Structures are given as C-alpha cells and as structure tokens.
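Asks: Got a sequence here, can you model it:
(one chain, ligands or ions: 2)
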Amino acid sequence: MEYQSKIKPKQESFTKVAPKMDKLVLSPVGYPLKAGDESSPYLSTDDPSLFQHYARSQWIGLVVKKGNFLFDSLLFPDYAFRAITVEPKESQITKNTRIQLYTEQKINPGHKISKQQLTYTDVIGQESAKEKCQIIGKFLRNKDLMSSFWAPKNILFWGPPGNGKTMMAKALSNEIKSSIFLIKASDLLGIYVGDGARKIKNLYSEARRSAPAVIFIDELDSIALKRNYQGIRGDVVELVSALLGEMDGIDSNQGVITIGSTNQPSILDSAILSRFEDLIEFKYPNQSERGEILKLYADLSPIPFNDISWDIIIHRTDHWSGRDLKEKIIKGAIHHAVLYNLSRITQKELNDSLQKAKIFDDTFSYFS
Ligand SMILES: Nc1ncnc2c1ncn2[C@@H]1O[C@H](COP(=O)(O)OP(=O)(O)OP(=O)(O)O)[C@@H](O)[C@H]1O
Ligand SMILES: [Mg+2]
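Replies: Ligands and ions are numbered 1, 2, ... in the order given. Predicted coordinates:
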C-alpha cells in the first residue's frame with residue numbers, strides 16, 4: 001500500500017517532471033492509520049465546488065497517482081481519501097485541477113428512498129420540525145433576511161431515538177441549495193487535547209466561508225455534557241467552550257445556522273442548552289402515523305405484503321419509533337421471507353416479526 005504524506009513534499013520533489021493534473025476523483029476511506037477504527041466521520045456537503053475548493057487548498061502541489069492515499073489535515077486530521085481516478089496518471093494537483101468526491105451508488109432492490117431523494121414528505125409527522133426547516137430554507141434563500149439579526153441561529157432537535165431527527169436533517173440538506181455540514185459530535189473528539197476545539201473552529205470557519213450554511217451536529221449529548229460530567233474527558237471542557245463561542249458568533253449575521261440533535265437534552269450543559277432559541281421535539285408517531293410509516297416501508301419492500309390487517313400491528317406498537325417499525329417489524333418480516341424463499345409476506349410473518357421484536361424489547365429492558 002502506498003501512502004501519500006499529508007506533509008507537503010519538499011520543493012525538489014515538485015521539480016520532478018509531473019504533468020499538471022486535469023482530473024482527480026477521491027473516494028472517502030476513513031482512518032486506515034488508526035488500528036481498529038473503521039468509523040468514518042459523518043460529514044458531507046451537497047456542494048461539490050466547496051469540496052473541490054477544500055481539497056485543492058490543502059493538497060495543491062502534490063504529485064498523485066491512482067491508489068495513493070491523501071490525508072485530510074483540516075477538519076478531520078488523518079482521515080484518508082483514496083485517489084481512484086487521476087488524469088493524466090501520476091500528475092500534480094494545481095489550482096485548476098477538477099477534484100470530485102466519489103460517492104458509492106448503493107443498489108437497494110425495491111428501495112426507492114435514497115439520501116439524495118429524501119424530502120420532507122418522506123418524514124411522516126413531525127410537523128413542527130418540518131415547519132422550522134421550511135423557515136430555515138426561506139431565510140437561506142433570502143440574503144437580506146439571512147443577514148438580519150432575525151435569522152435563525154441555534155436550534156435543537158430533541159426526542160427519543162429513531163423518530164426522524166437525522167432523517168429530517170438529510171431532507172433539509174436535499175431541500176436547500178445552501179451548504180450543509182452533517183457531523184456526528186463524537187467525531188469531533190480527537191486523540192489529543194485541543195483536537196476537538198480545533199475541529200470545531202475549522203468546521204465553523206469552513207461553514208462561514210461557504211455561508212449561508214447549516215451545521216447539523218448529531219448526537220450532541222456525546223460532547224456537550226453537563227459541567228459535572230465534563231471532567232470525564234479533559235478535552236470536553238475545551239470543546240464545549242469552543243462550541244459556546246461559535247454558537248454565540250461574533251456578530252449575529254455570519255450566515256451560519258447550527259442545528260443540534262440529542263435524545264437526552266437533560267444531560268446537556270446548561271450554557272449550551274440556553275443558546276438554543278428553539279427546541280423542536282420529535283415525538284413517537286401516533287396511531288395514524290404508525291400506519292403511514294408501516295405502509296410506507298412495506299410498499300418499498302422487494303417482496304410484496306399481501307392482505308395485511310395493519311390495525312393489529314398499529315394497536316400493539318404504542319410508543320414504538322419510526323425506526324422500530326421499519327427495522328424491527330418490516331425488515332424482520334422481509335428477512336424471514338428471504339430465508340424461506342417466500343414470494344409474498346402475509347399477516348403471519350408480520351405478527352411473528354412483531355412478536356420477536358417484543359421478546360427482544362422485553363429481554364433488553366430486563367437487562368437495562
Ligand atoms: N417520522 C418518520 N417517518 C419515516 N421514517 C422514519 C421516521 N422516523 C424514523 N424513521 C425511519 O427510522 C430511521 C431512523 O431515524 P433517524 O435516524 O432519523 O432517528 P433519530 O431521531 O435521528 O434517532 P437517534 O436519536 O437515535 O439518532 C430513518 O432513517 C427512517 O428510515
Ligand atoms: Mg440521529
């Protein structure tokens with residue numbers, strides 16, 4: 001395996017004859033240098049030209065050939081990208097190189113919803129969150145409104161797991177034309193003290209550069225803990241104060257909106273919590289919403305559901321989240337049908353799937 005150093009090579013290596021690079025396609029890899037860490041930061045932007053600018057600014061001058069790894073040194077130090085297309089082969093990145101981020105097309109038989117197509121209407125219920133996202137969209141589209149001090153600034157999505165907070169952020173990213181940075185809070189924690197605070201600073205300055213922009217910080221509770229818990233990790237204190245500083249903003253019209261997401265607002269640092277001007281609750285789906293969610297995902301199944309009495313399932317799933325309904329009931333029934341080569345799914349498979357999910361839940365609550 002060949003690794004391209006993130007440290008820019010000395011000038012002499014540039015003098016070796018390398019043609020100017022016309023095109024570079026990078027595939028996100030993760031952290032190949034961190035043993036046992038296969039997670040990738042959940043950061044994406046729908047703005048290819050922003051990615052190009054970001055990539056050029058840190059790798060300009062590097063001579064790259066197909067298969068080389070390029071290491072991020074700004075937002076995610078040591079995060080690697082692999083060069084999968086280099087034109088001409090073994091050439092040098094210049095300020096004119098076209099750089100693209102390759103995103104794998106997942107083939108999902110029968111599944112019509114993809115991240116790219118996700119819209120507000122795919123999220124069942126959660127009307128106040130949809131309204132808030134529409135307001136954000138209107139501000140982002142109107143420069144004057146966005147630069148006034150009435151612009152939305154810090155909003156918190158909160159509620160029990162699996163009820164569409166992350167899904168709504170993805171729908172928002174598809175509905176707005178502006179840049180959106182989707183990030184998992186735990187990915188902001190670094191190995192060394194100071195890493196996290198630096199990542200926050202870089203994240204916000206990158207967002208300001210591409211303003212108007214939205215930063216969505218998922219699973220905020222993993223970093224923004226109450227003061228008395230912050231001592232568990234020394235760097236969390238720094239991280240929280242860096243975040244507080246960015247949420248306040250030096251002036252109100254920097255064009256960056258922060259959306260935090262948590263299912264445990266009660267454990268959040270009170271200073272962080274008080275910065276959120278709006279707390280949007282994501283509730284468990286009610287009866288009719290449960291019906292809509294079940295039917296939505298049943299319709300997307302590669303194996304058809306036949307003659308189902310949905311009411312039986314709806315009545316037995318009070319306080320089940322959208323994720324539970326999709327992942328435990330619908331997916332459970334589909335897996336059963338795949339195992340036994342069934343050409344259709346009937347009430348029996350669905351009831352079995354519900355029964356199994358209930359046993360799983362009971363067992364789990366026994367241990368928790
Ligand atoms: N209201 C909903 N409408 C349609 N699908 C939903 C809804 N809520 C959840 N789902 C399904 O469940 C999946 C998980 O939801 P999501 O990840 O958005 O939950 P979350 O609120 O972010 O949970 P967590 O707090 O655990 O991060 C979604 O990708 C979607 O498939
Ligand atoms: Mg989530």
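
Asks: Give me the three-state assignment for the residue lying closest to Leu182 once chain neighbours are set aside.
Replies: Excluding the flanking residues, the one nearest Leu182 by C-beta to C-beta, 6 or more residues apart in numbering is Phe216, at 4.9 Å. For glycine as for every other residue, the C-beta is placed from the backbone atoms N, C-alpha and C. Following DSSP: H, G, I helix; E, B strand; the rest coil, Phe216 is assigned to strand.

Asks: What is the neighbour count of Phe216?
Replies: 26 (other C-beta atoms under 10 Å).

Asks: Name the secondary structure element that contains Arg290.
Replies: helix 287-299 (DSSP states H and E).

Asks: Any part of that helix near ligand 1?
Replies: Yes - Helix 287-299 lies within reach of ligand 1 by C-beta under 6 Å from any ligand atom, at Ile293.

Asks: how about low-confidence regions in the stretch 251-368 of the chain?
Replies: 251-253, 359-368 (pLDDT under 70).

Asks: that's a helix at Ala211, yeah?
Replies: No - read with three-state DSSP, Ala211 is coil and lies in no helix.

Asks: so who does the residue lying closest to it once chain neighbours are set aside touch?
Replies: Spatial nearest neighbour of Ala211, excluding adjacent residues (C-beta to C-beta, 6+ apart): Gly255 at 3.1 Å. By C-beta atoms under 8 Å, 6 or more residues apart in numbering, the contact set of Gly255 is Met146, Ser147, Ala151, Arg208, Ala211, Pro212, Ala213.

Asks: repeat for Val123
Replies: Ala129, Lys130, Gly164, Met167, Met168, Ala171.

Asks: gap between Val63 and ligand 2?
Replies: Applying C-beta to the ion, to the nearest Å, the value for Val63 to ligand 2 is 40 Å.

Asks: looking at it, that residue is touching Ser91, isn't it?
Replies: Yes - shown here, Val63 and Ser91 form a contact pair, counting by C-beta atoms under 8 Å, at 7.0 Å.

Asks: how about the strands in this protein?
Replies: 23-30, 63-64, 69-71, 80-87, 91-92, 98-101, 154-158, 179-184, 213-218, 256-262, 278-281 (DSSP state E).

Asks: May I have the beta-bridge partners of Gln92?
Replies: Beta-bridge partners for Gln92, by DSSP bridges, are Lys20, Val63.

Asks: Let me see the contact set for it.
Replies: Phe14, Ala18, Pro19, Lys20, Met21, Gly61, Leu62, Val63, Val64.

Asks: From the chain's centre, how far out is the helix holding Arg290? Work that out for me.
Replies: How far helix 287-299 lies from its chain's middle: 24 Å, per C-alpha atoms, centre = their mean, to the nearest Å.

Asks: next one: stretch 139-148
Replies: 25 Å.

Asks: Likewise for stretch 86-106?
Replies: 24 Å.

Asks: Just the pLDDT for Arg227.
Replies: Per-residue confidence for Arg227 comes out at a pLDDT of 60.

Asks: now swap in Gln105 and tell me
Replies: For Gln105, pLDDT reads 41.

Asks: now do the one 4 residues further on
Replies: On pLDDT, Pro109 comes in at 34.

Asks: Could you list the residues in contact with the helix holding Arg290?
Replies: 122, 124-125, 285, 305, 308, 310-311, 313-315, 317, 320, 322, 325-326, 329-330, 345.

Asks: Stretch 153-168: end-to-end distance?
Replies: Stretch 153-168 has its terminal residues 17 Å apart, counting by C-alpha to C-alpha, to the nearest Å.

Asks: So what's the gap between that stretch and the chain middle?
Replies: So, by C-alpha atoms, centre = their mean, the centroid of stretch 153-168 is 12 Å from its chain's centroid.

Asks: hmm, that stretch touching ligand 2?
Replies: Yes - counting by C-beta under 5 Å from the ion, ligand 2 is contacted by stretch 153-168 at Lys165, Thr166.

Asks: picking that back up, could you pull out the buried residues of the helix holding Arg290?
Replies: Using 16 or more other C-beta atoms under 10 Å as the test for burial, helix 287-299 gives Glu289, Arg290, Gly291, Glu292, Ile293, Leu294, Leu296, Tyr297, Ala298.

Asks: I'd like the distance between the first one and Glu206.
Replies: Looking back up the chat, that one is Glu289. Distance of Glu289 to Glu206, given as C-beta to C-beta, to the nearest Å: 37 Å.

Asks: and if you look at the fifth one?
Replies: Here the criterion is C-beta to C-beta. By it, Ile293 lies 35 Å from Glu206.

Asks: same deal with the last one?
Replies: Using C-beta to C-beta, Ala298 is found at 41 Å from Glu206.

Asks: and if you look at the fourth one?
Replies: Distance, Glu292 to Glu206, using C-beta to C-beta: 38 Å.

Asks: Which ones, among the contacts of Gly255, also lie beside ligand 1?
Replies: Among those, ligand 1 is touched by none when using C-beta under 6 Å from any ligand atom.

Asks: between those residues, which is closest to ligand 2?
Replies: Ala213 (20.0 Å; C-beta to the ion).
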